[in-house]
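Asker: next one to model:
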Amino acid sequence: MVDSVIWDIGYLVSAALFILGIKRLSSPKTAPQGNRLGAYGMSLAVAVTMAKLYNEGIIGLELIIGGLAIGSIIGILMATRVEMTGMPELVALFNGFGGGASALVALSEVLNRIETNEIPLEGTVELYATWVAIGLSGLVGWLTLTGSLMAMGKLRGGFYIPFTKKDDRGRSKWVSFPTWGPPWLNVVKSILLLAGFSLIWLSINDPTNKDLVYALVATSSLLGVLFVIPIGGADMPVVVSLLNSMSGIAAAFTGFVIGNNVLIIAGSMVGAAGLILTFIMCKAMNRTLTAVLFKSFGGGGKESVTRTKVGSDPEEVAMVCDGITKCVIIPGYGMAVSQAQHAVKEFADLLESEGVEVQYGIHPVAGRMPGHMNVLLAEANVPYEQLIEMDDINSELPETDVALVIGANDTVNPVARSGDGPLGGMPIIDADKARVVVIIKRSLSVGYAGVDNDLFYENKTMMLFGDGKKMMNELNAAIKEL
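Answerer: Alright, predicted model coming up:
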């Protein structure tokens, strides 16, 4: 009885830390503390669970130590070695790990019950509740695992392995995942989803049938792959957020399966928070969740660019920036790829030393995951007060002397206002309303939405063609020489 109270208190404290951690994540200033609180809560939950399992004689000390050591080493290596540009892929992979862990626990539980004949009596509420929880945990968990792996591959542009031909950024490319969404694919996904629910129902009526269990694993895994394939790169922040929510939901179902309260609480919170963030992302793109999932926006075939634009040089841009009073910096994924955030911060410092007001316009879906630009700029010690959300910065752009766009494309494309095409109706940052627009980009190529950007060709637009970090360093050097 005393042990039970101790476990419950530990789980209660852990749940409280999760709640406080999520609350602190609501602001960039307090987000690091929120991450730490969440980590403390998870560490406590793991410690209590391991102590409980050891106390009840379920697993030995060697398995506990071995599991914690292996998991900790893998986690530390992945977290410390990943570059900031790889954070979206890492987040997607962690979502998959969460879903996969829940699915494996559910699979282990149902197979163990079948082997030991610990199956509730036929027709009882216990049988329905247990087998539905196991089935839903497996369905959502395997879907999340394979869907997250696909999302990671699409974010990276493919999986990369050693000893193969290098791409233009020095990475070894193996296979890519193009957007593929024929109209009949939605029918296939619907059939697979119905098949998953049907397998759960059949398993209730025949709870000892292992074939139904393995069929659910295969169906759910295939559904996860087909779920992500049609979704283009421009919509990946929504997908990452949704998969994060699904990993929490899978964990909550698993909590019901094994009777673990902290899993139910933590999983429900992650599921709810992820779902709220998903709808926020959809609102930022002026789309419904069903449109993102079933209409294959944001990743169609690439338009061929036939127009040309004469590029400028850093010295010209430096002269334009000399004597201005206000500059808005608009970052995009290209800044992340080139790791130019520190050079961007140096550019802002140079302007501020001359009395220029500098702000950063942050589009909600810039980058490859929610808050991607905020994370990168925080790494470069950009003051949080200078990070301005899209709606607020748009009201100031008509009075802005220079809008510096670095690596952004779709999020500043004026064609979105027309209501046509993949970007139609998506709110954008109104960079084109600034007096001068400077765009740093490798070429005139289209963004992930496959739509040419008219902003590139306007008379007031100056294009700096090249790697983002290299161009920013040259621009900073030119400003220093003035």
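
Asker: please count neighbours and contacts with C-alpha atoms only from this point.
Answerer: Will do.

Asker: could you check the distance from Ser148 over to Leu192?
Answerer: As judged by CA to CA, to the nearest Å, Ser148 and Leu192 stand 18 Å apart.

Asker: tell me which of those two has more neighbours.
Answerer: It is Ser148, of Ser148 and Leu192, that has more neighbours when counted by other CA atoms under 10 Å, with 34 against 19.

Asker: helix or strand: which one has Leu192?
Answerer: In the assignment (DSSP states H and E), Leu192 maps to helix 185-205.

Asker: what's that helix packed up against?
Answerer: helix 125-156, helix 210-228 (3 or more CA pairs under 8 Å, 6 or more residues apart in numbering; DSSP states H and E).

Asker: mind listing what's buried in the first one?
Answerer: Going back to what we said before, that points to helix 125-156. Buried positions in helix 125-156, judged by neighbour count with 16 or more other CA atoms under 10 Å: 127-128, 130-156.

Asker: could you do the last one as well?
Answerer: Counting neighbours by 16+ other CA under 10 Å, one finds that the buried residues in helix 210-228 are 212-213, 216-217, 219-228.

Asker: quick one: contacts for the closest residue to Ile258 other than its chain neighbours?
Answerer: In this structure, Ile258 finds its nearest non-sequential neighbour in Glu109, 7.8 Å apart by CA to CA, 6 or more residues apart in numbering. For Glu109, the contact set (CA atoms under 8 Å, 6 or more residues apart in numbering) comprises 134, 257-258.

Asker: tell me what angle the host helix or strand of Glu109 forms with helix 210-228.
Answerer: Using DSSP H and E, Glu109 sits within helix 87-116. Orientation check (axes from the mean of the first three to the mean of the last three CA atoms, to 10 degrees): helix 87-116 against helix 210-228 gives 170 degrees.

Asker: tell me, how many residues neighbour the closest residue to Ala380 other than its chain neighbours?
Answerer: Nearest residue to Ala380, sequence neighbours excluded (CA to CA, 6+ apart): His342, at 5.1 Å. By the measure other CA under 10 Å, the count of residues near His342 is 20.

Asker: regarding His342, what is its secondary structure?
Answerer: Assigned by DSSP: H, G, I helix; E, B strand; the rest coil, the conformation of His342 is helix.

Asker: state the distance from it to Ile231.
Answerer: The gap separating His342 from Ile231 is 32 Å, by CA to CA.

Asker: check Val437 too.
Answerer: 31 Å.

Asker: ok so, going back, in terms of mean pLDDT, which of the helices and strands packed on helix 185-205 ranks lowest?
Answerer: The minimum mean pLDDT among the helices and strands packed on helix 185-205 belongs to helix 125-156 (a mean of 89).

Asker: gap between that one and the chain center?
Answerer: Its chain's C-alpha centre and that of helix 125-156 lie 18 Å apart, by CA atoms, centre = their mean, to the nearest Å.

Asker: shouldn't Leu226 be in contact with Lys189?
Answerer: Yes: taking CA atoms under 8 Å as the definition, Leu226 is a contact partner of Lys189 at 6.8 Å.

Asker: tell me who's in contact with His132.
Answerer: Residue 132: Val, not His. Shown in contact with Val132 (CA under 8 Å, 6+ apart): 200-201, 204.

Asker: of these - the most surrounded one?
Answerer: Highest count within the contacts of Val132 by other CA under 10 Å belongs to Ile200, 25 neighbours.

Asker: how about the contacts made by it?
Answerer: Ile200 neighbours (CA under 8 Å, 6+ apart): 131-132, 135-136, 212, 216.

Asker: what of Ser312?
Answerer: 462-465.

Asker: tell me the pLDDT of it.
Answerer: Looking at Ser312, its pLDDT reads 88.

Asker: who are the packing partners of the worst-scoring helix or strand of the chain on mean pLDDT?
Answerer: Sorted by mean pLDDT, DSSP states H and E, the helices and strands of the chain end with helix 289-294, the least confident at a mean of 74. Applying 3+ CA pairs under 8 Å, 6+ apart, one finds that helix 289-294 contacts helix 261-284.
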